[in-house]
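**Student:** This is a predicted model, with the sequence first.
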Amino acid sequence: MMDWTDRHCRYFHRLISPNALLYTEMVTTGALIHGDRQRFLNFSKAEHPVALQLGGSNPEDLALCAKMGADHGYDEINLNCGCPSDRVQKGRIGAILMKEPQTVAKAVEAMIAAVDIPVTVKCRIGIDEHDSYEFLDQFISLVKNAGCTNFIIHARKCWLQGLSPKENRTIPKINYARAGEIKAAHPELNISVNGDIKTVKDVQEHLKTFDSAMLGREAYQNPYILAELEKAVFNNNDIASRIDIARAMIPYIEQQMKDYGTPVKSITRHMTGLFQGLAGAKKYRQLLSTLPHMDGADANVIEVALEGFYS
Ligand SMILES: Cc1cc2nc3c(=O)[nH]c(=O)nc-3n(C[C@H](O)[C@H](O)[C@H](O)COP(=O)(O)O)c2cc1C
């Protein structure tokens, strides 16, 4: 998720969940080919397994960037066909590509030829007035015929005009059944469902129909749900407590500050929801949202925020 799931966020989430597959923010082919490639691609080995999400439509460029990602050690390359923002539409990136399934098929074919790791596609169930089962099925079928076997379906359509990206995550109605019809029609495909999944129970329910579930906002705002999912989905009872996780970030923050001069707030901003739902969470959040902005702030802000949680 743009501006959210950067490498610091992923490092933090990995401490909570050893098993979840994590995704980068969307990185455009333009940024990788013409921009500061290392900045966009670098990540810590501790983050594995991690998928690099690309935004683009030119098959050669996407193949080149997929190769960069694979060479950099990513475990999967994902193509974004779900982002409705105006800016990306103009670059023929994101959800607008659902109107051009042939382009996506060509891109996917080129990416698959360029790398040995899975190439996956994240899409919506439709865009604008194109919201029929047939439209989605045609998109999935063409991309499947190009060799893609893994799809993440955000189970709501989006409007390319008139709604902001934020509104496009709430206003069009969620329709899990439509994504379920696709799974039923293509049982050999790996289909992950996404959209408004907020509880362990939600995930367990979706796993009756789908191969996996992707959590976006809930995982960011209430990250400890990932620990609960470790137990419930991955049968992993060896999960760290919230406090241990917060403390485990201290050496990471110190290292990042030392090696790259990373401001402490760039890391702690992802950690404010760790105690969500518990008494004391408000105080912890408040301290962790303010202290890191002060001059001279260092990793000790974590201990101070934890004291606030207990107080
Ligand atoms: C701040 C923010 C940034 C996002 N950036 C991306 C992105 O870069 N790529 C992507 O595929 N989806 C992106 N999304 C959409 C989410 O991945 C997800 O599809 C959507 O929020 C619905 O799932 P949720 O209800 O679990 O959040 C973003 C969502 C948010 C809130």
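**Tutor:** Yep, it's here. In this text the structure is predicted, and so the values were computed from the model without any measurement.
**Student:** C-alpha only now, for contacts and for neighbours.
**Tutor:** Noted.
**Student:** Show me which residues of this protein are close to the ligand?
**Tutor:** 1-2, 4, 25-26, 80, 82, 154, 169, 194-197, 215-218 (C-alpha under 6 Å from any ligand atom).
**Student:** Bridging across strands, which residues link to the residue lying closest to V119 once chain neighbours are set aside?
**Tutor:** Of all residues not flanking V119 in the chain, I77 sits nearest, at 4.9 Å (C-alpha to C-alpha, 6 or more residues apart in numbering). Beta-bridge partners for I77, by DSSP bridges, are L52, V119.
**Student:** Pretty sure I77 sits against G69.
**Tutor:** Yes: contact criterion C-alpha atoms under 8 Å: I77 and G69 qualify, at 7.2 Å.
**Student:** which neighbours do those two share?
**Tutor:** Shared contacts of I77 and G69, defined by C-alpha atoms under 8 Å, 6 or more residues apart in numbering, comprise L52.
**Student:** Looking at those two, which one has more neighbours?
**Tutor:** I77 (27 against 24; other C-alpha atoms under 10 Å).
**Student:** now the more buried one: how far from K208?
**Tutor:** In this view, I77 and K208 are 26 Å apart by C-alpha to C-alpha, to the nearest Å.
**Student:** Then M98?
**Tutor:** Counting by C-alpha to C-alpha, the gap from M98 to K208 is 27 Å.
**Student:** cool, and K282?
**Tutor:** Taking C-alpha to C-alpha, one finds K282 at 36 Å from K208.
**Student:** for V301, same thing?
**Tutor:** 42 Å.
**Student:** Compare those two (neighbour count), which wins?
**Tutor:** V301 (20 against 9).
**Student:** ok, the more buried one touching P292?
**Tutor:** Yes: applying C-alpha under 8 Å as the test, V301 and P292 come out as touching, 6.5 Å apart.
**Student:** contact partners of the helix ranked longest in the chain?
**Tutor:** Secondary structure of the chain read by DSSP state H shows that its longest helix is helix 242-260. Under the criterion C-alpha under 8 Å, 6+ apart, residues 12, 15-16, 224, 262-264, 267, 271, 274-275, 298-300, 302-303, 306 lie in contact with helix 242-260.
**Student:** and the residues you listed, which of them are in strands?
**Tutor:** Among the contacts of helix 242-260, DSSP state E puts none in strands.
**Student:** Quick one: buried ones out of the residues you listed?
**Tutor:** Those of the contacts of helix 242-260 that meet the buried threshold are 12, 15-16, 224, 263-264, 267, 271, 274-275, 298-300, 302-303, 306, by 16 or more other C-alpha atoms under 10 Å.
**Student:** Low-confidence regions, the chain specifically.
**Tutor:** The chain contains no residues with pLDDT under 70.
**Student:** How is it partitioned into domains?
**Tutor:** 7-225, 242-310 (automatic domain parsing).
**Student:** Same list, those, but as TSV with distance to V233 please.
**Tutor:** Below are the domains of the chain laid out as TSV (distance: least, C-alpha to C-alpha, whole Å):
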stretch	distance to V233
domain 7-225	8
domain 242-310	19
